[in-house]
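Asks: Show me how the following folds:
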Amino acid sequence: MGLSSGRRRDLADGQLDVRVEHGGRRPAARLLAAALAGPLTRSPAHAAVQVGRPRVDHVAPGTLLAYDGGVTEAEGRVTLEKLPAALTVYRPITGY
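Replies: Modelled structure (predicted):
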């Protein structure tokens, strides 16, 4: 947890990182000040949780939703889901 989701113990755990930056007047300045003052987990300007199936209600018609390399329009209620171990990642073997 923190300003960015740079480290996760297990990316195949079925959990999504959800981060909310609370608006108001000058939200970027508030977030920067909060980050400089200490851990963002204690900041009222930032909230972060890990959830399995977040639901977003009242999505405006025509809102674009990006997923797995594609884009579609969404409206109404959107439920997001990350299936455990559903993505295979290939990488070069290191250590030679």
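
Asks: in the chain, which segments are predicted with low confidence?
Replies: Along the chain, the model assigns pLDDT under 70 to residues 1-8, 21-24, 27, 30-31, 34-35, 38-46, 95-96.

Asks: What are the boundaries of the helices in it?
Replies: Along the chain, the segments classed as helices by DSSP state H run 27-37.

Asks: would you list every one of the strands in it?
Replies: Ranges of strands in the chain, per DSSP state E, are 16-21, 46-51, 55-67, 70-79.

Asks: Paired strands for the longest one, with orientation please.
Replies: Right, the one you point to is strand 55-67. The pairing partners recorded for strand 55-67 under DSSP bridges are strand 70-79 (antiparallel).

Asks: Okay, buried residues for the partner strand please.
Replies: Residues Ala74 are the ones in strand 70-79 that count as buried (16 or more other CB atoms under 10 Å). For every residue, glycine as well, the C-beta is placed using N, CA and C.

Asks: Give me the contacts around that strand.
Replies: Strand 70-79 is touched from outside by 53-65, with contacts defined as CB atoms under 8 Å, 6 or more residues apart in numbering.

Asks: Generate CSV for the strands of the chain, with distance to Thr88 as supplementary columns.
Replies: Below are the strands of the chain laid out as CSV (distance: least, CB to CB, whole Å):
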stretch, distance to Thr88
strand 16-21, 19
strand 46-51, 22
strand 55-67, 17
strand 70-79, 18
